[in-house]
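**Q** no FASTA, just this:
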């Protein structure tokens, strides 16, 4: 089992631009990009056509560190200053569940732990200290 802690940047519709900027400015290597169009449709929360080309999840590597990115989902308001979260990455679903259960105590669940197209167990939680964590379980290859 591995556990990594990475900065996670949430952008306001310009994640692709930021990724390409860091790729050139910091010699970053793009590891993964998935857009909202690549996500399975959810009839209860449809993705507007205007944002389908925006980033749902991406990873770049700068030196030995990975940065993760996404654009705000349209129903989530973007607030400058809150675009950096801590991403806890593991390859163990049980460990992700443990992180999720612990961090939500006296905190707020922003997105329940669930399967996504890029992770078998993914969630967003703001803990009781106001720190936002994204819990990302790596898909088994």
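**A** Thanks, I have the structure now. Quick caveat, the model's predicted, so the values are computed rather than measured.

**Q** and residue 39, how many neighbours does it have?
**A** Residue 39 is flanked by 16 other residues according to other CB atoms under 10 Å. All C-beta spots, glycine's among them, are computed from the backbone N, C-alpha and C.

**Q** List the backbone torsions phi and psi for the closest residue to residue 14 other than its chain neighbours.
**A** Spatial nearest neighbour of residue 14, chain neighbours left out: residue 71 (7.4 Å); criterion: CB to CB, 6 or more residues apart in numbering. Dihedral pair for residue 71: phi -90, psi 150, per degrees, to the nearest 10.

**Q** quick one: residue 45 from residue 111, how far?
**A** Using CB to CB, to the nearest Å, we find residue 45 at a distance of 11 Å from residue 111.

**Q** Ignore what I typed, I meant residue 22.
**A** For residue 22, the distance to residue 111 equals 25 Å [CB to CB].
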